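# Quick one, structure for this:
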Amino acid sequence: MRTLELGSPGSLRDELNALVLEGVKTATATLLAEYAEEGEEREFPGERLALLGNDGAVLAELRVTDVMTVPFSEVPWDFAEAEGEGYTDLAHWRRAHVDFWQDVEGRSVDETTPVVCMQFTRTNSPPA
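Presented below is the predicted three-dimensional model:
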C-alpha cells in the first residue's frame, strides 16, 4: 500500500491530517511535476493509501474515489471545497495554493500548470 503525506512536515501536516480524520477534508491537490520528480505514478480510483502522520505512523486508510489532472486555472470549485480547508471561493483557493507551492516548495505555478486533483474517503478509523 502506498502512503500519503499531506502538506509539509510539522503543524501544517497535523492540521490537514486532523481535517481528514474529522471527515472534513476529502481531497488534495498536487502538482503533476512532483510525480515525475519522485518517480511516482498517479493514484487511481479504488487505490488504498495509508495516511501518515509527522512521525510516520499510519493514521488512517484512505480509498481514492477520483483523480483528474487539469490546468491550475481549471480546478473546479467542488474540488477546492472538498479540500476542507475553509476556502471561500476559487480565488482564495488559488492564492493559498500559489503561496504554498511557490513560497514553501519553491515551485513556479501559472494558469497552465498541471494539477492532480485527488478525492478520497476514509475507510477506517484511526488507531486507538
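# pretty sure residue 93 is touching residue 84, no?
No: contact criterion Cβ atoms under 8 Å: residue 93 and residue 84 do not qualify, at 11.4 Å. All C-beta spots, glycine's among them, are computed from the backbone N, C-alpha and C.
# Of these two, give the one with the bigger neighbour count.
Just comparing residue 93 and residue 84: by other Cβ atoms under 10 Å the higher neighbour count belongs to residue 93, 20 against 17.
# Give me the sheet partners of the longest strand that the chain contains and which way each runs.
In the chain, ranked by residue count with DSSP state E as the criterion, the top strand is strand 58-71. Using DSSP bridges, strand 58-71 pairs in its sheet with strand 48-52 (antiparallel), strand 114-122 (antiparallel).
# Span of stretch 66-82 from start to end?
12 Å (Cα to Cα, to the nearest Å).
# so who does residue 116 touch?
With contact set as Cβ atoms under 8 Å, 6 or more residues apart in numbering, residue 116 has these partners: 29-32, 35, 42-43, 67-69.
# roughly how far is stretch 2-15 from the heart of the chain?
Computed by Cα atoms, centre = their mean, to the nearest Å, the chain-centroid distance of stretch 2-15 equals 9 Å.
# Regarding the chain, what is its longest helix?
Among the elements of type helix in the chain, defined by DSSP state H, the one spanning the most residues is helix 11-21.
# and the angle for it with strand 58-71?
If you take axes from the mean of the first three to the mean of the last three Cα atoms, to 10 degrees, helix 11-21 sits at 100 degrees to strand 58-71.
# sorry, back to before: dump the strands paired with strand 58-71 into TSV; add mean pLDDT and distance to residue 16 as well.
Putting those into TSV (pLDDT from 0 to 100; distance: least, Cβ to Cβ, whole Å) gives the following:
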stretch	mean pLDDT	distance to residue 16
strand 48-52	97	9
strand 114-122	98	12
